[in-house]
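>>> next come a sequence and a model predicted from it.
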Amino acid sequence: MELLTQLIGTRLSGIILLPALWGAAIFFFPAAREKEVKGFALAGTLVTFVASLRLWAGFDPAQAAMQLTLDIPWITAYGINYSLGIDGISLLLILLTTFLMPLSVLASFNYIKDSQRAYYACLLFLETGMLGVFAALDLFVFYLFWEAMLIPMYFLIGIWGGPRRIYAALKFFIYTMAGSVLMLAAILWVASAHHAAAGAWTFSIPALYAGALTEQAQFWLFAAFALAFAVKVPLFPFHTWLPDAHVEAPTAGSVLLAGVLLKMGVYGYLRLAVPMFPQAAATFAPWLAGLGVIGIIYGSLVAWSQRDMKKMVAYSSVAHLGIVVLGVMAFEPAAVSGAVLQMVNHGLSTGALFLLVGVLYERRHTRLIEDYGGLAKVMPGFAAVFMIVTLSSIGLPGLNGFIGEVLVLFGSFRVYPWLASAAVAGVILSAVYMLGMYQQVVFGPLRHTENKILKDLDAREWLYLLPLLVFIVLIGVWPNPFLRRILPAVDNYITLSRQQPAPPPAVVKLALDGEEAR
Amino acid sequence: MTFDPVPYAASALAGPLLLTLAAFAVLLLPLFFKSLRGTQGLVSLGAVLVTLVFFRAAPPAQLAFFSGALNLSPLSAYLWAFAMGVLALFIALSLARPAAPAEHEGEYYFLAAMATIGLMVMMAAGDLFTAFIALELLSLPLYALAGIRRSKPGLEAAYKYFMLGAFGSGMTVMGIAVLNALYPSLDFVSLKAALPAQPLALAGFLLVISGFAFKTALVPFHMWVPDAYEGAPTQVSAFMGAAVKAGGVVLLWRLFSLFDGGPVREIFWWLTVITAVFANLAALAQSGLKRLLAYSSIAHAGYIAVAFFGGQRGWEAVLYYLPVYAMATIGAFGVALILERDEKGPKIEDLAGLGKTRPWLAAAMAAFMFSLAGVPPLAGFFAKFYAFAGAVAEGYTSLVVIAVLMSAVSIYYYLRVTVMMYMKVPANGGDHPVEAPGLAEAVVFLMAAGVLLAGLFSRPLLALAAEASRWF
């Protein structure tokens, strides 16, 4: 009983578990009442969002340490605890998740007609997985949520996706899983090394930060973690699953993939890979930043050549996440906090872009740019919203994208002047292709007769687009409340990334290979 | 230790004794009393349930019986409970859908009970020779069970299983003969004390290990598995997958733990790697569900063998792994049983559209597949985690890296089943067998609940496994 109040009753754990419980409840809906499921799911995500606002209220912006922590012993034999906690970075990402969820549910109302119960249950399970990743303070719990989240996303793409959905879903699952299994081996290694040194098992992330590891061990461990996160981000050249998954996923799936799932990779660098293996991180950082910059330029160039809007937005995500990785790998306060803010910005603007593409797709069942044109005449509301979102995505001053990009570029210029300069080129490219698409879709003559009867945004669509617009503008003009909460956590990250590990003990029981251990 | 061994021994041995009694009852009584025909399954299930009455928490001590041939301890209690559970599920599946022709019902349950007794003796055997006899008691009934329908696939399965099984037994006997010539006693404790061994003894051990590796289905001793699993009645395949493998694993572990290093460990290392790599690659090419499960069972033998390298923790992990793996396997075979139209069982594409026609059954099957693939939060993930944790802690990182990479490969063939069920439109309009054999579904859903909960709430089972592993 006490355990139950701890699991459900505490703010953080309650928010994580609530969607899963809500989703499980959906399975008990009788088939005859399937129509009511969407309302029920919307209520669940709204309740979660409102509950998550209590996190914002209870969060002390000045404090750098983990807050609202919870620590319940779980698998005691291995010292695994269900331990949670948030700092400014996780706070923003959790709020981003809970904020995007009701919008995704709302956007699915008309689009999803098949097996609605399973669909909304998958969305809610997915939310639990995503929130758990951002709040976990135990490596095992982190990995559990990280992998468990694949199952609902796999079904979302594979059942309710486009024509090549099976290929995309399998590719998504196998790519991510293949990337993560080595992380599992690395997690076991780290915990075993701690066990060998300290005599007790623990998977607690903060406890493993100051691990006594040799440089060589750090190198391999960081590589294993970095690979898992690089696939998720996705960094060039591990990005090939992303366009397929994005294009085939239903609108809500794309919104959450771009808005939240990609952030989990960056979050992994921030929370795990870098602070746990700082020495190796210093070695790898320029390379990862370089891959990020390649991603910016490559993603932009490929996006430029796309005819499918969703594919274009997908490749633009590769470019945007490249900027984020550049910032994270600079270990410089402005760059890192800009990168964190840019994660939120990208979630908002790319989420909105996918929703807008979904709006068009629901009307015309095509996503090709050349099938549109002149929409400003028939859909003025849509054109206006699309304008703001496009400008936010290319980083126009006054909107949210600008703040993040500028902070990253300024900050990383001090560390990697050449890479930062190259990144600027990518930012310019993004203006070229995004505005190009906007122009072809919205302006010009109405070439296609089918487009003449398109309806403008209806009330439901306004309902899920307006909140995004509010935050796109709000963060653009008044980013301080957000940055204020990020900064202590960012300072923490930079301190951790600079720490020199304690010298390894003279006798390390572990060896890289079984041969040596005998 | 102050406890009275007599009542404990009586309660512990009540299980096998009752089972023997019931076995002969179902074999012989219906011959004389016609009214008893057709009740053999119920009687056997009843006998298994009655043994629950005698179930006592095992005292923390080891009792040697029959001059050390049989060792009763919390370990044997754990493994025996497991064996009885598998038997109960097997009987339930057979009651739901009889595998044997009506006139052979008696033999069917008799053979199953005998195999289980063999398994139990094998798990508690204190010396190599008892283990071998038990192995034969386990294997011979199974050869007959595999072919009990006397149909072509069944006979083929029985034949292959028997030929290769006999080959394995032959190797074991030769090995035992060699060891018997070299060592004064064949019980495991004195064998351990008598090592290190000369080359001839090594040859003997390798022969014995090969024999048991046949039963556990480690590559390259796995050739019988796909054909036997496919051709045997599905209920029997489930029993083979869950029970026979467990017996082989326990014996292999005992042999493995005789060696602290040296060539035998080296050979085990390679066996493990080859098994994990080969089985997962071969499984990719399967089209029959039962064959897929067969290769998956070989692959899991490989993962279990990884845990061998984890010392005490590894043993604990093996004991946790066995029931978790058994639940997923029995559940998946149960689904195959519900869907089967001919003896070879459903093809994977026959599952197309199951998510629509039988949503709960499909959900259960998906849970089994994700559990076998080791995706959290299902129990299979926890089992793999524990199995690999011990090996990493003992320094066998490269082994674990190979194993996790191969389990990433395995994702593909497990996912294919879910793709079929949820994402493909059935070619034949999805007319899956609808008459619902209630008992088989009950078994499937019980197993599904097991793989869902045994992971997230793994503490009780893990604690039992830890306690049992101390008595190894």
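Yes, it's here.

>>> next, count neighbours for residue 269.
Assuming you mean chain A. Number of residues near residue A:269 (other C-beta atoms under 10 Å in any protein chain shown) recorded here: 28. No exception for glycine: its C-beta is placed from N, CA and C like everyone else's.

>>> oops, chain B please
For residue B:269, the count of nearby residues is 19 (other C-beta under 10 Å).

>>> likewise residue A:117?
Residue A:117 is flanked by 21 other residues according to other C-beta under 10 Å.

>>> can you pull the buried residues of the strand or helix carrying it?
Using DSSP states H and E, the element containing residue A:117 is helix A:116-135. Along helix A:116-135, these residues count as buried under the neighbour rule (16 or more other C-beta atoms under 10 Å in any protein chain shown): A:116-135.

>>> equivalent analysis for stretch A:477-487, please.
Of all the residues in stretch A:477-487, those buried under the rule 16+ other C-beta under 10 Å are A:479, A:482-483, A:485-487.

>>> now do stretch B:48-67
When burial is assessed from 16+ other C-beta under 10 Å, stretch B:48-67 yields the following buried residues: B:48, B:51, B:58-59, B:62.

>>> do stretch B:86-105 as well
B:86-100, B:104-105.

>>> the closest residue to residue B:404 other than its chain neighbours: how many residues sit nearby?
The spatial neighbour of residue B:404 that comes closest, neighbours along the chain excluded (C-beta to C-beta, 6 or more residues apart in numbering or on different chains), is residue A:181 at 3.9 Å. By the other C-beta under 10 Å criterion, the neighbourhood of residue A:181 contains 26 residues.

>>> low-confidence stretches in the chain?
The chain I'm using is chain A. Along chain A, the model assigns pLDDT under 70 to residues A:1, A:210, A:500-518.

>>> switch to chain B, please.
Along chain B, the model assigns pLDDT under 70 to residues B:1-3, B:195-197, B:428-431, B:433-437.

>>> if we can go back for a sec, just after the strand or helix carrying the residue nearest to residue B:404, pick out the following helix or strand.
For residue A:181, the host element (DSSP H and E) is helix A:165-198. Sequence-wise, the next helix or strand downstream of helix A:165-198 (DSSP H and E) is helix A:205-209.

>>> sec struct for residue 68, please.
As the question left the chain open, I've gone with chain A. The three-state assignment at residue A:68 reads strand, by DSSP: H, G, I helix; E, B strand; the rest coil.

>>> switch to chain B, please.
coil.

>>> for it, give me phi and psi.
When read as degrees, to the nearest 10, the backbone of residue B:68 gives phi 80, psi 0.

>>> one more: residue B:64?
The phi/psi pair for residue B:64 (degrees, to the nearest 10) is phi -100, psi 130.

>>> residue contacts, it?
Applying C-beta atoms under 8 Å, 6 or more residues apart in numbering or on different chains, we find residue B:64 in contact with B:70-72, B:126.

>>> return the member of the residues you listed nearest to residue A:5.
Closest to residue A:5 out of the contacts of residue B:64 is residue B:72 (43.0 Å), distances taken as C-beta to C-beta.

>>> hang on, isn't residue B:278 packed against residue B:219?
Yes: in this structure residue B:278 lies within contact range of residue B:219 using C-beta atoms under 8 Å: 4.5 Å.

>>> one step back: can you pick out the most distant pair from the contacts of residue B:64?
Using C-beta to C-beta, the two most remote members of the contacts of residue B:64 are B:72 and B:126, lying 9.9 Å apart.

>>> would you map the helices across the stretch 1-150 of chain B?
Ranges of helices in the stretch 1-150 of chain B, per DSSP state H, counting those that start in this stretch, are B:5-32, B:40-53, B:74-96, B:105-124, B:128-146.

>>> the closest residue to chain A within the stretch 351-472 of chain B and residue A:192, how far apart?
Closest approach between the stretch 351-472 of chain B and chain A, counting by C-beta to the nearest C-beta: residue B:395, at 2.8 Å. If you measure residue B:395 against residue A:192 using C-beta to C-beta, to the nearest Å, the figure is 9 Å.

>>> now the buried residues of stretch B:48-67 as TSV including distance to residue B:161?
Listed next are the buried residues of stretch B:48-67 as TSV, based on distance: C-beta to C-beta, whole Å:
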residue	distance to residue B:161
B:48	25
B:51	28
B:58	34
B:59	39
B:62	34
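
>>> how does the chain divide into domains?
Using chain A. Domains of chain A are assigned by automatic domain parsing as A:1-214, A:277-499.

>>> wait, I meant chain B there
According to automatic domain parsing, the domains of chain B span B:1-260, B:261-472.
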